[in-house]
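Visitor: my questions are about this predicted structure, shown below with the sequence.
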Amino acid sequence: MRILILGGDGFCGWPSALHLSAHGHQVTIVDSLVRRRIDDELGVQSLTPITPLSERVQAWREVTGNEIGVVELDLAHDYDALTELLAAENPDAIVHFAEQRAAPYSMKSPALKRYTVDNNLNATHNLLAAVVQVGVDAHVVHLGTMGVYGYESVPVDLPEGYLTVSYPDRDGRPHTRDILYPTQPGSVYHLTKSLDQLLFQFYARNDGVRITDLHQGIVWGTQTDETVLDPRLINRFDYDGDFGTVLNRFLVQAAVGYPLTVHGTGGQTRAFINIRDTVRCIRLAAESGADLGSRVRVMNQVTETHRVSDLAHLVADTVGAPVAAVPNPRAEADENQLSARNDHLLGLGLEPTRLATGLLKESVEIAQKYADRVDVSRIPCTSYWNRDRRSVAAEQSR
Ligand code: NAD
Ligand code: USQ
């Protein structure tokens, strides 16, 4: 298949591009490289030394003989270039990773709230409008988030995208239909993913665009079977207070002896997936879109759920590190239960990798290997969700 990877220079996009290329697909990466510029703006760097995109694809060519094309383009603003690209490439599938993906970054300032909405919604809408305008018959695979469901403790396993509801019609007879699961985003970033869902629903119904929306949990780990083939292929690993995600942050904190930053009670339960499973899921999704109809296919891309405090103690016990309770900068439930269905991806052949199966050790080793690149002053989360959260944190630090 000819596959475009939008956001293919990022943490999930780069190893997915390699994995699809390794499986015989003809891959082109489309990226504005904005994520690298955000690192410069924040004054942080990936834990792992990532090489420029041109070097990455050259290394892949040298190691495997496979070509990966690269197009530098801002999906949110370079609409004409996007339509020209679609017409020239005529892709069979388009995997869309190209959004601002950090909740803390999206809550840092009014300017970054507006940037996140502008970037994410325009990127997604431009893509859909361009697919229809050019008339390419491409399957669009989007990276959404489990966060669209919100974190209320509900007495059901979260379904995959839709909720079947029943209510009385005018004559009092029960009427049943599937609706998008009521969304409860917990940050401006998560809000953009909730709004993306409506864009997909509209373009699937109105124009017959074949769409899969992957509601992915928190990705942990770094390396995949492909990125380990050469040091120049190494994947990004964020640990800072804006872009670092919880488990990868704990691994780095443990490696440098920084007390693990559990927000509040640590009773928050979240869904997780290892990066090696992410790339497999992307391939399973991209290769299975031929028969999709006017209803968006939603698949929960998760393999397990964990409480934040349990993860902290697991890492602390594995590496030997103290655990700290820090004031939670986020407005979120202190405690929640979470369990989600993932039947679609299991049905396509996903064999979940569990946290317990040894991959944690690989991540610990990477965190320890590059510990000298860590700037500990960038570890704390200093993006507060609202004034109340900011003042509680200020009071507690007095
Ligand atoms: P990332 O920030 O590492 O990568 C995103 C890439 O998209 C970057 O290379 C960036 O330069 C590019 N990009 C952003 N806006 C663009 C634009 N307007 N035009 C062109 N390129 C643009 O993020 P990631 O962790 O790889 O996440 C990829 C996707 O997966 C995101 O949509 C995210 O919401 C979703 N996701 C990530 C996680 C996770 O834990 N990392 C979990 C669930 C879902
Ligand atoms: N947390 C801590 N300590 C930390 C960092 C985070 O306790 O040092 C807590 C947070 O308060 C939150 C939980 O850990 O309760 C998860 O935070 P996170 O930063 O790991 O994840 P999140 O903000 O939800 O975002 C990440 C990705 C995002 C993706 C989402 C999937 O950045 O792109 O969409 O995970 S999900 O969480 O399923 O919505």
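Guide: In hand now; what should we look at? All of these numbers come straight from a predicted model, not from anything done at the bench. Numbers count the residues shown, from 1 in each chain. Ligands and ions are numbered 1, 2, ... in the order given.

Visitor: spatially nearest residue to R389 (excluding sequence neighbours)?
Guide: P329 (5.5 Å; C-beta to C-beta, 6 or more residues apart in numbering). C-beta: built from backbone N, CA, C; applies to glycine.

Visitor: kindly apply the preceding question to R35 instead.
Guide: R35 sits nearest to G10 (C-beta to C-beta, 6+ apart), 5.5 Å away.

Visitor: that neighbour reaches V30, doesn't it?
Guide: No. Using C-beta atoms under 8 Å as the test, G10 is too far from V30 to be in contact (11.4 Å).

Visitor: need the overlap of contacts for these two.
Guide: A98 (C-beta atoms under 8 Å, 6 or more residues apart in numbering).

Visitor: separation between the closest residue to ligand 2 within the chain and F202?
Guide: Residue of the chain nearest ligand 2, by C-beta to the nearest ligand atom: G147 (2.7 Å). Distance of G147 to F202, given as C-beta to C-beta, to the nearest Å: 21 Å.

Visitor: and those two? Which one has more around it.
Guide: G147 (24 against 14; other C-beta atoms under 10 Å).

Visitor: for that one, give me phi and psi.
Guide: G147 adopts backbone torsions of phi -60, psi -10, taken as degrees, to the nearest 10.

Visitor: and if you look at T176?
Guide: phi -120, psi 140.

Visitor: in this structure it contacts S166, no?
Guide: Yes. Shown here, T176 and S166 form a contact pair, counting by C-beta under 8 Å, at 4.6 Å.

Visitor: picking that back up, ok, G10 and V30, which is more surrounded?
Guide: More neighbours surround V30 than the other of G10 and V30, with 29 against 26 (other C-beta under 10 Å).

Visitor: which residue does the chain bring closest to ligand 1?
Guide: For the chain, C-beta to the nearest ligand atom, closest residue to ligand 1: G10, 1.9 Å.

Visitor: distance of that residue relative to L260?
Guide: Taking C-beta to C-beta, one finds G10 at 25 Å from L260.

Visitor: wait, is V27 part of a helix?
Guide: No. With DSSP: H, G, I helix; E, B strand; the rest coil as the criterion, V27 is strand rather than part of a helix.

Visitor: which ones are touching it?
Guide: Here V27 is in contact with 3-5, 8, 17, 20-21, 68-69 (C-beta under 8 Å, 6+ apart).

Visitor: just say helix, strand or coil for the residue nearest to V71 when sequence neighbours are not counted.
Guide: Residue nearest to V71 in three dimensions, not counting chain neighbours: V30, with 4.8 Å by C-beta to C-beta, 6+ apart. Secondary structure for V30, judged by three-state DSSP, is strand.

Visitor: hey, what's V30 bridged with?
Guide: L6, V71 (DSSP bridges).

Visitor: pretty sure it contacts A98?
Guide: Yes. Using C-beta under 8 Å, V30 is in contact with A98, at 7.2 Å.

Visitor: list residues touching both of the two?
Guide: Contact criterion C-beta under 8 Å, 6+ apart; residues shared by V30 and A98: 6-7, 75.

Visitor: just the residues you listed now: which is nearest R114?
Guide: R114 lies nearest to L75 out of those, by C-beta to C-beta, at 17.2 Å.

Visitor: quick one: the closest one is in a helix?
Guide: No. L75 is assigned coil when assessed by three-state DSSP, not a helix.

Visitor: can you report how many residues neighbour it?
Guide: Neighbours of L75 (other C-beta under 10 Å): 26.

Visitor: what does it show for phi and psi?
Guide: On the backbone of L75 - angles per degrees, to the nearest 10 - the values are phi -60, psi -30.

Visitor: touching, it and N122? I think so.
Guide: Yes. Contact criterion C-beta under 8 Å: L75 and N122 qualify, at 7.5 Å.

Visitor: can I get the shared contacts of V30 and A98 in CSV including distance to ligand 1?
Guide: Below are those laid out as CSV (distance: C-beta to the nearest ligand atom, whole Å):
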residue, distance to ligand 1
L6, 6
G7, 3
L75, 4
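
Visitor: give the contact list for R232.
Guide: Going by C-beta under 8 Å, 6+ apart, the list of residues near R232 reads 51, 55-56, 58-59.

Visitor: in helices only, show me those.
Guide: 55-56, 58-59 (DSSP state H).

Visitor: of those, grab the buried ones for ChimeraX.
Guide: Here is the ChimeraX command that selects the buried residues among the ones in helices among the contacts of R232 (16 or more other C-beta atoms under 10 Å):
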select :56,59
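
Visitor: and the ones in helices among the contacts of R232, which two are furthest apart?
Guide: R56 and Q58 (7.3 Å).

Visitor: strands of the stretch 251-398 of the chain, residue ranges please.
Guide: 260-263, 269-274, 297-301, 304-307, 323-326 (DSSP state E, counting those that start in this stretch).

Visitor: out of those strands, which is the most enclosed?
Guide: strand 297-301 (a mean of 25; mean count of other C-beta atoms under 10 Å).

Visitor: does any part of that strand sit near ligand 2?
Guide: No. Strand 297-301 stays clear of ligand 2 (C-beta under 6 Å from any ligand atom), getting no nearer than 9.4 Å.

Visitor: in TSV, list the ones in helices among the contacts of R232 along with distance to E351 and pLDDT.
Guide: Shown next, in TSV, are the ones in helices among the contacts of R232 (distance: C-beta to C-beta, whole Å; pLDDT from 0 to 100):
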residue	distance to E351	pLDDT
E55	33	98
R56	28	98
Q58	33	98
A59	29	98
